[in-house]
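**Student:** here is a sequence together with a model predicted from it:
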Amino acid sequence: MMNRLMLVLVSVLFAVSASAIDSGKAFDDPAMQARYDRLIAEVRCVTCQNQNIKDSNAFIAADLRREIRRLMGEGKSDTEIADFLVTRYGDFVLYKPRYTGKTLALWVAPFLLVLFGGFGIFRVVRHRMTLPIEDEGRTQ
Amino acid sequence: MNRYLLPLVAALILIPIMILGLRSDPSELPSQYLGKPAPEFNLPTLKDPTQFISTADLRGQASLVNIWATWCGGCRAEHPFLMTLSKEQNVPIYAINWRDNREDALKWLAQLGDPYVASGFDGDGRVGIDWGAYGAPETFLLNAEGYVVYRLTGPLNRALWEQEFVPRLAELAK
């Protein structure tokens, strides 16, 4: 009984993913197909902003996939394809923003925060080490 | 006293940044072409596929470029105001009919009126992408040299016109 239920659930899940997005492969060459799959997973759908264009059914996502296929077909490099997208939609369109002046804060901030936090903890701990050991909890 | 100074300074710096963050709408993407020349295009017109409209046609005076389609609800909402604009203002309105179907678009203009000096027909949506469009309607304000001065996403109406376009047009007219 459980097995049958699982089978139904699993087939429903697969049915959903099978009906999603472009049917068929974009490229015959497996290397190109892998590159294409990687590229479209890194591009944000601009109307449905928490999805990448690989998973989105929005027409703009379909158009962007088509443009990426076209650019790849023209022999453009990954950087050139990223440039194409960023020129039109800005850094936001890439899930992994490039290292530029504008996105510097994005890349550096986490390290700075860890550094500051660590320094803060270090100071507190060092300060406490100088305190005399006393039994605060008990009064006699 | 000193131990409160650092948190206080940090809070004073962070609070304005956070208030700014609350005010901005993260789903609204700024146009990448602000202050830059509008992207080049050359499209057959909606009414006559043998005629073409290109970026060069937009130069010479300030103009509006409206990206619209018959599948777009917001476009229907703003259409009456575009009709009013085309009658009361002397700013030419051009259109990019985005990812649409020519017959539907022509029917729309015949039924609701045609506020556009010319409409380019962008059936496969490539020009829309070149313009960085991510929804429709979008309305670009271009100066006489064809540079993008402002972009509005979403339906245009009287209030937005007065607020966003009128001051910029006045600035351009100087």
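**Tutor:** Received the coordinates, thanks.
**Student:** drop to CA atoms for contacts and neighbour counts, all remaining ones
**Tutor:** Will do.
**Student:** residue of chain A nearest chain B, please.
**Tutor:** Closest to chain B within chain A is residue A:88: 4.5 Å, counting by CA to the nearest CA.
**Student:** list the contacts for that residue?
**Tutor:** By CA atoms under 8 Å, 6 or more residues apart in numbering or on different chains, the contact list for residue A:88 reads B:31, B:32, B:33, B:129, B:130, B:131, B:132.
**Student:** which of the residues you listed sits closest to chain A?
**Tutor:** Among these, and counting by CA to the nearest CA, the member closest to chain A is residue B:132, at 4.5 Å.
**Student:** can you pull the phi/psi pair for that closest one?
**Tutor:** With angles defined as degrees, to the nearest 10, residue B:132 sits at phi 70, psi 30.
**Student:** might you report the residue contacts of it?
**Tutor:** Applying CA under 8 Å, 6+ apart, we find residue B:132 in contact with A:88, A:89, B:31, B:32.
**Student:** redo those residues as CSV? Include secondary structure and distance to residue B:4.
**Tutor:** CSV is the format used below for these (DSSP: H, G, I helix; E, B strand; the rest coil; distance: CA to CA, whole Å):
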residue, secondary structure, distance to residue B:4
A:88, helix, 46
A:89, helix, 43
B:31, coil, 43
B:32, coil, 43
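**Student:** now, which of those sits nearest residue B:113?
**Tutor:** residue B:31 (28.6 Å; CA to CA).
**Student:** okay, and the helix or strand of chain B with the least pLDDT?
**Tutor:** The helix or strand of chain B with the poorest confidence is helix B:2-23; it has a mean of 89 (mean pLDDT, DSSP states H and E).
**Student:** next SSE downstream of that one?
**Tutor:** strand B:42-44 (DSSP states H and E).
**Student:** so what are the sheet partners of that following strand and their directions?
**Tutor:** Looking at strand B:42-44 with DSSP bridges, its partner strands are strand B:52-54 (antiparallel).
**Student:** need phi/psi at residue A:44.
**Tutor:** phi -80, psi 140.
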